[in-house]
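Peer 1: After the sequence you'll find the predicted model.
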Amino acid sequence: GFVVGHAGLYQALAMFAVAYFIIGMTVLSVCAIATNGALDAGGAYYMISRALGPEFGGSIGIMFFLANVCGSALYVLGLVEAVVDSFGIPTGQKVGTGVHVLPQSYWYELLYGTVLLALCLIVCLVGASIYAKATFLIFLIVAGVLGTILVSFFATQPIRVPIRLPSINGSKIENGSFTGFSLTTLRSNLGGGYGVDYTTGQKMSFSSVFAVMFNGCTGIMAGSNMSGDLKRPSYSIPRGTISAVLFTYLVYNLLAFLMCATCNRILLQKDYGFLRDISIFPPLVTVGIYAATLSAAMSNLIGASRILYALARDDLFGRALALAKKTSASGNPVMAVILSWLVVQLVLFSGKLNTIAGVVTTFFLLVYATINLACLALEWASAPNFRPTFRYFTWHTCLLGIAGCCVMMFLISPVSASASLGFLLLLLLALHYLSPSSTWGYISQALIFHQVRKYLLMLDVRKDHVKFWRPQMLLMVQNPRGSARLIDFVNDLKKSGLYILGHVELQDLDTLPSDPLQPQQDSWLSLVDKLNVKAFVSLTLAPSVRHGVRQLLFTSGLGGMRPNTLVLGFYDDAAPQDVLAGHPAFTSTREDVPLGFPPLRAPDDPKLLSAREYVGIVADALKMLRNVLLARQLESLDKALELRRAGSSPPAIHVWPVNLLRPDSARYADTCSLFLLQMACVLNMARAWRRARLRLFLCVEAGAMPHAQEEKLRQLLKDLRIQAQIQLVPWDAVTCLHWQTRRGPPGGPGPTRAMEEEKEEGAVNFPANATQVSDEYICAANKLVLEQSPTPAVRFLYLPRPPADTSLYPLYLHQLELLTRGLGPTVLVHGVSAVTSTQL
C-alpha cells in the first residue's frame, strides 16, 4: 500500500520490474556458483571469497553481515510499527478502534523492539532445525492470510476509514475509502502522487519509495545464507530461490493492481495498515503481518550469524572475531548469534523504519553486484573446473546485474552508495595487507593468465623496432647467498623488461627418482618476493653449466618475451661472501634467510666450471646474438650507502665505451659502444640512480684533434638524448705499450690500416690480439681507469669478443681479470644488437 499510494500503479509496476530484473540476474549468478562444487556455511560470503579471494570475500562478508543486521533491525521496527498501529494508544493520525493499551514513545517502541528481537534470538539460539520449522509454519500462516486478503478485495463492501490528519488548528478527520472495484479509483491511482510519509515527516520520491520497497525483495539470499545447514545446498538453493522469486513477483504485482482498483490514495498513503479494515477477518491480517515481519527478522538474524561464523572460522580478521567461532554441542554457532543480536540491538536505537531502509538497500545491492562480479570473473577466466550444473546464465546476465545494482545504488542514495564503496575499499586494503594468505585459489590469477596469454599471442617479434627496444635479462645465479646485490643491481638495469633468474643444477634426471628442482622453486620465489625484484625464475638440470646456460638461452621466455642479454658474475679466485644474511630485506624483518639454498662453497673447494667453460658460455651467447654483461665485485656495491651519500655529492657512473685491449679500434659509434652507452643510461634512468651522474671518458692521443672528437661525441650524445659529462683522457703512455704500436715500422701502415685489413679478411675480433697483448699494457690500462676521480659507484667497460681459438680462453680471461683488478663494482659489456635510435 505504501508503494502504490505514493508511486501509483505504473511506477509501482516499473519498480517491481527493475527490482526483480536486478534480483533475477543475481539469482542466476547465485545458482551458477552454488552448483559449481560443495558449499559450506556463509552463503554469499562463501561464494564470493572462494571465487574472488580473501580480500573481496572478507570485505563483502562484512558488508553482507551489516546488511543482514540492519535488515533484521528494519523488520523488527516494521513489526513494532504494526503492533503499535494495532494496540497503541492513539496519538497520531488514525482514529482508534479496538483494543489500544500500549503507550507510544521512542523509548516504549525501543522496548517493544527489544522484546521482539529477544524472541528471534531465542529461536536462533535453539538452532537451525527449530528455525526451519518456525519459518515453514510462518509460511503457511502468511499463505493463508494472503488468500483471505485476495478474497476480501472481492467480498468486502465499499467502506470509509476515518483518518485523523494534522492541520493548523490541531487535526482534522478525513475519510479514506475502499470503493471496491472501480474504474474511477483505478484511473486516479495510475500516476504518481508522492506525499509526506506520516512516520518520518519526510517528502517521498521515487528513490525513497524504491528503497523501502526493495527491502521486500532482499530475501533471495535467505536460502544461500543457510548453505551450511542444508543437506544438498547445490540442489536446494537454485530451485528454492528461483521459485520464491517468481512467486513473490506475481503476488506483488497482483496486490498492486487490486489495491489501485479498490482503494483511494488517501487510504493508501495515510494508513499503512488498511488491509485490516477491508479484510473479511481483520485479526488474521494482523497475525499475517506479524508473522511475515517476524520471519524476515529471524531470517536476517540467523543469516548474519552464519556469515559472522564463516568469517571467524576463516581467520581473516584474526583475534577480532575469535569469539564468534564457538559453537554448541550440536554445531550451532551460538556466540555468532549473540554477537549478531547485540549489533541488531544497537541498530534499533535509530528508531525509524524508513531511516535505515536506504542504507540496507545500498548494502544489499553492493553484495548482489559483487556476486554477479564473482560469477562474471569465473566465466571470463574460462577455467576448465568452472562447470556449474545450472547453465541458464551468460556473462551478459552477470554484466547486466552489476550495472543494474550500481545504477540503483546511486539513484536511491548517492551518499550511502559512495560511503559504502569507500568503506568497502578500506576493508579491501586492510585485508590485502593484514590478512593471512589462503589456499582457496585466486580468481585474479586465472584472469591474469587469460589476459597475458591473449596479449602474448599479440606480441609479434616480427614487428620489433629499435625505438622500442628494452633490455630483457637472463642473470645466471649459482647460489643466491653470494649474489643478492647483483640480483638487485640487474633489477635496476632491466628498464621494465623481462628479468629471469637462471640456475643450473648439475645432476642427471636418469639417476634420480624425481625432479629435484620442484622443491627448490618455492625458495627461489620467496627470494624474489623478499628482495622485491620483478623477476621470473627458471631452473634447469644439465650435465654441465655450459649446457644448462645454453638450454636457458634457447628456452627461457615465451613468444616475444625472450632474454636478449646474458648477465654473468665474474670468474675469479675471490672467496664468495654470504651477503644474503645481511641484506636489508632480511635484517629489516625477523624472518630467517630462506633455508632452501645450500651454504656457499669454501675457498679451497673446487669450482663447478672451469675458466675455459666460462669463456665458452660468453662465446655461445654471442653466437646466439645475445648481448653479454660480466659483473665483477658487484657484491661490494652498497646501493643504500651510495644513495645516502647522494645528498652532498651525487654518485658517479664511469663509462669507457672503447675497447681498452685494442686501442687501434678506438671508435665510439660502433654497435658495442652504443650498447654500452645505452646500458649506462638505462641504469641512470632507474629511480634509485636518477641522481647519479654519467661521466663518459674520451681517450685521445697526441695530434688526434681531441676537441673535434669531443664535439663529435657531444653531438652523438645530444642526438641520443643522453645526458653525460665528457672527460678527455690522454692515453699515449698506455698505447705506446700496445703491440700494434710497437710493431708498426717507420713509413709502414699504421694501426688503423692494420685494423681495416684484418677486418676485410674476416678476423672479426683480431685473433692474434689475445696472444700479443702484454700484461704490462693491460696493467697500464687498468691504472688509467683507476686514476680517474672521484671514485665512481660503478664502472662500465667494453668487453672484447672472446678469441676464436678456444685454447686461448684462459689467457683471455686472465687479461679481463688484470683489466678490472681493483676497480670495484665493474660491468663489462659486449653488445651485438642495435639498441639506440635518433628517430622520433
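Peer 2: Nice, thanks for sending it over. Numbering: from 1, shown residues only.
Peer 1: Please settle this for me: is Leu698 part of a strand?
Peer 2: Yes. Applying DSSP: H, G, I helix; E, B strand; the rest coil, one finds Leu698 inside a strand.
Peer 1: mind listing what it touches?
Peer 2: 668, 706, 709-710, 713, 726-729 (Cβ atoms under 8 Å, 6 or more residues apart in numbering). All C-beta atoms are positioned from the backbone trio N, CA, C, and that covers glycine.
Peer 1: Buried ones among these?
Peer 2: Buried members of these, scored by 16 or more other Cβ atoms under 10 Å, are 668, 706, 709-710, 713, 726, 729.
Peer 1: does Leu600 really touch Val579, like I thought?
Peer 2: No. Leu600 lies out of contact with Val579 (Cβ atoms under 8 Å); the separation is 9.9 Å.
Peer 1: circling back to that earlier point, so which of the buried ones among the contacts of Leu698 are in strands?
Peer 2: Counting by DSSP state E, the part of the buried ones among the contacts of Leu698 found in strands is 726, 729.
Peer 1: and the residue positioned nearest the centre of the chain, which of the three is it?
Peer 2: Residue closest to the average C-alpha location in the chain (Cα atoms, centre = their mean): Ser444, at 6.6 Å. Recorded secondary structure, Ser444: helix (three-state DSSP).
Peer 1: Just the pLDDT at the residue nearest to it when sequence neighbours are not counted, thanks.
Peer 2: Closest residue to Ser444 apart from its sequence neighbours, by Cβ to Cβ, 6 or more residues apart in numbering: Gly53 at 6.4 Å. Reading off the confidence values, Gly53 has pLDDT 76.
Peer 1: Repeat that for Ala417.
Peer 2: For Ala417, pLDDT reads 87.
Peer 1: just Val27 next, same as before
Peer 2: Val27 is given a pLDDT of 89.
Peer 1: Pretty sure it sits against Ile220.
Peer 2: Yes. With contact defined as Cβ under 8 Å, Val27 reaches Ile220; the gap is 5.8 Å.
Peer 1: When those two are compared, which one has more neighbours?
Peer 2: Per other Cβ atoms under 10 Å, whichever of Val27 and Ile220 has more neighbours is Val27, with 26 against 22.
Peer 1: Can you name the residues that contact the more buried one?
Peer 2: Under the criterion of Cβ under 8 Å, 6+ apart, the contact list for Val27 reads 220, 241-242, 245.
Peer 1: got it, and Gly192?
Peer 2: Residues in contact with Gly192, defined by Cβ under 8 Å, 6+ apart, are 6-8, 10-11, 206.
Peer 1: Residues in contact with stretch 798-805: which ones?
Peer 2: For stretch 798-805, the external contacting residues (Cβ under 8 Å, 6+ apart) are 615, 618-619, 622, 628-630, 656-662, 672-673, 676, 764-765, 767, 769-770, 809, 811-812, 816, 828-830.
Peer 1: ok, now stretch 287-299?
Peer 2: With contact meaning Cβ under 8 Å, 6+ apart, stretch 287-299 is reached by 71-72, 75-76, 78-79, 82-83, 116-117, 119-120, 123-124, 131, 134-135, 138-139, 141-142, 144-146, 149, 219, 222, 225, 273, 275.
Peer 1: same check, this time on stretch 776-790
Peer 2: Residues from elsewhere that reach stretch 776-790 (Cβ under 8 Å, 6+ apart): 649, 652, 654, 656, 660-661, 695, 697, 727, 729, 731, 733-734, 737-739, 795, 797, 815, 818-823.
Peer 1: Out of the residues you listed, which sit inside helices?
Peer 2: Under the assignment DSSP state H, these contribute 733-734, 739, 815, 818-820 to helices.
Peer 1: Going by distance to Ala585, which of these wins?
Peer 2: Using Cβ to Cβ, Thr820 comes nearest to Ala585 of the ones in helices among the contacts of stretch 776-790, at 27.9 Å.
Peer 1: now that closest one: how far from Val832?
Peer 2: Distance, Thr820 to Val832, by Cβ to Cβ, to the nearest Å: 21 Å.
Peer 1: Which of those two has more residues huddled nearby?
Peer 2: Between Thr820 and Val832, Thr820 has the larger neighbour count (other Cβ under 10 Å), namely 22 against 19.
Peer 1: The more buried one and Leu813 touch, don't they?
Peer 2: No. Counting by Cβ under 8 Å, Thr820 does not reach Leu813; the two are 10.9 Å apart.
Peer 1: picking up where we left off before, out of the contacts of Gly192, what pair is the most spread apart?
Peer 2: Maximum pairwise distance among these (Cβ to Cβ): 12.5 Å, between His6 and Tyr10.
Peer 1: ok, and for the one helix or strand Arg187 maps to, which residues are buried?
Peer 2: Per DSSP states H and E, Arg187 falls inside helix 183-188. The neighbour-count check on helix 183-188 (16+ other Cβ under 10 Å) flags Thr185 as buried.
Peer 1: neighbouring contacts of that helix?
Peer 2: Under the contact criterion Cβ under 8 Å, 6+ apart, helix 183-188 has outside partners 9, 179, 260-265.
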